[in-house]
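what follows is a predicted structure for the sequence shown.
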Amino acid sequence: MQQGPSSMPLEITNYLLIDIDNEFSRAFAEYYVNNNGKTKASTLIAAGSNTRQLVKMMFDELIKDYSYCDLENEISVSELINYLKEHHNLNGVLFNNADYLLASDKQRFIYNSLHEDRFLINLDDTSYTLSRVTDETLTEPSQNHHDIAHTPQDLIDLAEQLNKNK
């Protein structure tokens, strides 16, 4: 991985790799493991909806952990965030450049909620480069406020309050 003015360092410890394009994710993880200059196991964590792919990547020691996540579903993403906070100390999130750029504004809003440090992976001729996401037109990620999965209970509490006030 080359380092440019907006690139990140070579060391990608505890980064979440968003797996949308399975072949791209696997190729990047293989490249990272083979070129990170260390003999230790991969420090990548992957999330996506193809659990078969993720299990195979973990079995091949290309990632250290994985989590199922329907990246189009805010509740699933909220559950992913809670899992990651409980089990991993993430330093950032990695997206395939093409997947991020082709996403709708709503989908990017969800992506941006994953972590404040987000990077796009670009495949050049023979290597990968990483550049920071600078999409300021969309929301900033919400830190420690992932209440999406708790909304139904909030609505129940509100309904009970309204019924008491009748």
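Yep, that arrived. Numbers count the residues shown, from 1 in each chain.

list the buried residues for stretch 60-73?
Neighbour-count burial for stretch 60-73, with 16 or more other Cβ atoms under 10 Å as criterion, is recorded at Leu62, Ile63, Asp65, Tyr66, Ser67, Cys69, Leu71. Backbone N, C-alpha and C define where each C-beta goes, glycine included.

how about stretch 72-89: buried residues?
Going by neighbour count (16+ other Cβ under 10 Å), the buried part of stretch 72-89 is Glu74, Ser76, Val77, Ser78, Glu79, Leu80, Ile81, Tyr83, Leu84, His88.

got it, and stretch 88-107?
Buried residues in stretch 88-107, counted by 16+ other Cβ under 10 Å: His88, Leu90, Gly92, Val93, Leu94, Phe95, Asn96, Asn97, Asp99, Tyr100, Ala103.

would you confirm that Ser127 contacts Phe28?
No: in this structure Ser127 lies outside contact range of Phe28 using Cβ atoms under 8 Å: 10.6 Å.

which of those two has more neighbours?
Counting neighbours by other Cβ atoms under 10 Å for Ser127 and for Phe28 shows that Phe28 has the greater number, 23 against 11.

now do the phi/psi pair for that one.
Backbone torsions of Phe28, given as degrees, to the nearest 10, read phi -60, psi -50.

give me every residue that touches it.
Phe28 is in contact with Leu17, Leu94, Asn96, Ile121, Leu123, Tyr128, counting by Cβ atoms under 8 Å, 6 or more residues apart in numbering.

which residues sit in contact with the closest residue to Ser25 other than its chain neighbours?
Of all residues not flanking Ser25 in the chain, Asp19 sits nearest, at 4.3 Å (Cβ to Cβ, 6 or more residues apart in numbering). The contact partners of Asp19, by Cβ under 8 Å, 6+ apart, come to Ser25, Ala46, Ala47, Gly48, Asn50, Gln53, Leu54.

Asp19 and Val77, how far apart?
Separation of Asp19 from Val77 (Cβ to Cβ, to the nearest Å) stands at 14 Å.

quick check: beta-bridge partners of the residue nearest to Ser25?
Note on Asp19: beta-bridge partners Gly48, judged by DSSP bridges.

quick check, pLDDT for it.
At Asp19, the pLDDT value in this model is 94.
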